[in-house]
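> Prediction below, plus the sequence it came from.
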Amino acid sequence: MRHAYATHLIEAGVDLIEVQKFLGHHSILTTARYTHLTDQTRHHALDRINGLMDGFGVTWGQVK
């Protein structure tokens with residue numbers, strides 16, 4: 001149940017530090033073990049990364 005709860009919180013966009021607090025862990029590494037990367041979280045991560053990268057334009061020798 002804790003694994004599923006942590007995973008659903010992460011998928012909902014809750015910060016890992018907040019999940020750590022909710023679960024009462026002293027170490028963030030413990031919290032990280034309770035989370036699982038699902039297809040949904042992977043998709044959201046790729047969307048966010050692509051959204052950030054789309055804002056950059058690179059031409060020869062220059063960054064716009």
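Okay, I see it.
> and the lengthiest helix in the chain, which residues are buried?
For the chain, the helix with the greatest residue count under DSSP state H is helix 39-54. Buried residues in helix 39-54, counted by 16 or more other CB atoms under 10 Å: residue 41. Heads up, the C-betas are built off the backbone N, CA and C, glycines and all.
> So what's the model's average confidence on that helix?
Model confidence over helix 39-54 averages 78 on the pLDDT scale.
> what's the answer for stretch 8-28, then?
Mean predicted lDDT for stretch 8-28 stands at 89.
> can you list the residues that contact it?
The contact list for stretch 8-28 (CB atoms under 8 Å, 6 or more residues apart in numbering) reads 2, 5-6, 30-32, 34-35, 38, 40-41, 44.
> which parts of it are buried?
So, applying 16+ other CB under 10 Å, buried residues of stretch 8-28: 9-11, 19-20, 25.
> ranges for the helices of the chain?
Going by DSSP H, the chain shows helices at 2-11, 16-23, 28-34, 39-54.
> In a markdown table: those helices, plus distance to residue 60.
Supplementary listing: these in a markdown table, determined by distance: least, CB to CB, whole Å:
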| stretch | distance to residue 60 |
| --- | --- |
| helix 2-11 | 40 |
| helix 16-23 | 39 |
| helix 28-34 | 41 |
| helix 39-54 | 18 |
